[in-house]
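sequence first, then the predicted structure:
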Amino acid sequence: MIYGKAEIRDNQVITTYSREIDQGKLTSDCWLIQFEGLRACKICKVRGTKDCGGGKTLKRMQKEVS
């Protein structure tokens, strides 16, 4: 699967970010974290709440950064 972000410039769709995701490796944890890494947390409205879906993936990524 290709995950990407795009914006419209001069009435044209311009891909600003994309990457290939191996769907077989996705878990039920937050998909945005799995797609974008920890930067997804920076804009997340439920970051740090009981609704956060980061789970084991988030904990593993935080350890790797520390």
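Alright, I've got the coordinates.

only C-alpha atoms from now on, for both contacts and neighbour counts.
Fine.

look up how far residue 10 lies from residue 36.
Look at residue 36 and residue 10: by CA to CA, to the nearest Å, they are 27 Å apart.

my bad, residue 21
From residue 21 to residue 10 the distance is 29 Å (CA to CA).

likewise residue 34?
As judged by CA to CA, residue 34 and residue 10 stand 31 Å apart.

so which of the two has more stuff around it?
Using other CA atoms under 10 Å as the criterion, residue 34 and residue 10 rank with residue 34 on top: 19 against 7.

name the SS class of the more buried one, please.
helix (DSSP: H, G, I helix; E, B strand; the rest coil).

bridging residues for residue 13?
In this entry, residue 13 is beta-bridged to residue 8, by DSSP bridges.

report pLDDT for it.
You'll see residue 13 listed with a pLDDT of 97.

contact partners for residue 58?
33, 38 (CA atoms under 8 Å, 6 or more residues apart in numbering).

just say helix, strand or coil for it.
Quick answer, by three-state DSSP: residue 58 is helix.

gap between it and residue 6?
For residue 58, the distance to residue 6 - CA to CA - is 25 Å.

how about residue 22?
In terms of CA to CA, residue 22 sits 20 Å off from residue 6.

out of the two, which sits in the more crowded spot?
residue 6 (12 against 9).

you'd agree that one is up against residue 16?
Yes: counting by CA atoms under 8 Å, residue 6 does reach residue 16; the two are 5.1 Å apart.

show me where the protein has its helices.
31-36, 55-65 (DSSP state H).

just the buried positions in the longest one, please.
Residues 57-58 are the ones in helix 55-65 that count as buried (16 or more other CA atoms under 10 Å).

quick check, pLDDT for residue 65.
86.

repeat that for residue 30.
94.

any stretches of this structure with poor pLDDT?
Residues of the chain meeting the criterion pLDDT under 70: none.
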